[in-house]
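here is a sequence with its predicted model. Questions after.
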Amino acid sequence: MPLTAKHELGDRALAEPKPFLELGQACLPVAPVRPNRRQLLGDQRRKPEDVRAEDRGCRQQHPHPRDGQELRRLDLGNLSAQPRDHQGRRSERRGDLIADVALPNRLLVDRVSFSPYILRSRRTVVGRFRVTDSQNHPVRGALVFAVAIPFGNMTTPPEQATGPDGYVRFVFRPTARLKVGGRGSQPFMIRARKSGERLIGGVSTRRLVNLSIRGR
């Protein structure tokens, strides 16, 4: 004779009707029990406070994750997999491949920084530039060229490709032709392009920037 909730639990099956009976790690199907007239009258006389109390108890037993909780766990779990720039800092977003950039989308040099940001002597200057597309997505693999104007004021480093965060780093060394006395500026021309395309066509872009000079 198959076991049912009534044989296993006695009168408790009438007070707690469930579609399944949990026994350890297994769940056995239980035949539905028809409530009697006393149970129906008891349900009708229940106060709204009792219903809300049972609802709170159910939520405590089966809590739902708050909005954004799963996303935060995912971000924290993938911190080690996020790309880093040349200084070891985590990038906000992995850049798009340069091969995916095509007209009418274009390249842009949207961020420029120099260290030191004011040149006071003939010391080495480090420039960092970020390349994005017209949709403000960092681009990795773009070829960047930077040169001081007029030519010969500083050394010209070779063309380099942007990293996963869209940044590229150059080192410039002033020459004897650079005048650092008084107040002035040193212009730079920055070019970003896609390999295989013409230097003055395609998705390429150019930008002129200045490095301030304050002689001692």
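Yep, that arrived.

shaky segments in the chain?
Across the chain, residues meeting the criterion (pLDDT under 70) sit at 1-94.

if we go to 50?
Applying pLDDT under 50 to the chain picks out residues 4-10, 12-18, 20-27, 51, 58, 62, 65, 67-83, 85-86, 90-91.

and stretch 126-133, which residues are buried?
Judged by neighbour count (16 or more other C-beta atoms under 10 Å), stretch 126-133 contains these buried residues: 127-133. Where C-beta positions appear, they are placed from N, C-alpha and C, glycine not excepted.

okay, those residues in JSON lines with distance to residue 101 and secondary structure next?
Below are the buried residues of stretch 126-133 laid out as JSON lines (distance: C-beta to C-beta, whole Å; DSSP: H, G, I helix; E, B strand; the rest coil):
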{"residue": "127", "distance to residue 101": "23", "secondary structure": "strand"}
{"residue": "128", "distance to residue 101": "21", "secondary structure": "strand"}
{"residue": "129", "distance to residue 101": "16", "secondary structure": "strand"}
{"residue": "130", "distance to residue 101": "14", "secondary structure": "strand"}
{"residue": "131", "distance to residue 101": "10", "secondary structure": "strand"}
{"residue": "132", "distance to residue 101": "10", "secondary structure": "strand"}
{"residue": "133", "distance to residue 101": "5", "secondary structure": "strand"}
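
quick check, nearest of these to residue 174?
residue 127 (12.8 Å; C-beta to C-beta).

hey, what's the closest one bridged with?
residue 114, residue 170 (DSSP bridges).

how about residue 144?
Bridge pairing for residue 144 - DSSP bridges - gives residue 160, residue 192.

can you check the one 4 residues further on too?
When assigned by DSSP bridges, residue 148 has beta-bridge partners residue 188.

residue 190 reaches residue 131, doesn't it?
No: with contact defined as C-beta atoms under 8 Å, residue 190 does not count as touching residue 131 (9.1 Å).

rewinding a little: farthest pair in the buried residues of stretch 126-133?
Spatially, the most separated pair among the buried residues of stretch 126-133 is 127 and 133, at 20.9 Å (C-beta to C-beta).

how about the contacts made by the nearest residue to residue 111 once chain neighbours are set aside?
Nearest residue to residue 111 in three dimensions, chain neighbours excluded: residue 130, at 3.9 Å (C-beta to C-beta, 6 or more residues apart in numbering). Neighbour list for residue 130: 109-111, 138, 162, 165-168 [criterion: C-beta atoms under 8 Å, 6 or more residues apart in numbering].

what about 6 Å?
By C-beta atoms under 6 Å, 6 or more residues apart in numbering, residue 130 lies in contact with 110-111, 166-167.

what of residue 192?
So residue 192 contacts 107, 109, 131, 142, 144, 205 (C-beta under 6 Å, 6+ apart).

a markdown table for the residues you listed, including distance to residue 182?
A markdown table is the format used below for those (distance: C-beta to C-beta, whole Å):
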| residue | distance to residue 182 |
| --- | --- |
| 107 | 36 |
| 109 | 29 |
| 131 | 33 |
| 142 | 36 |
| 144 | 31 |
| 205 | 33 |
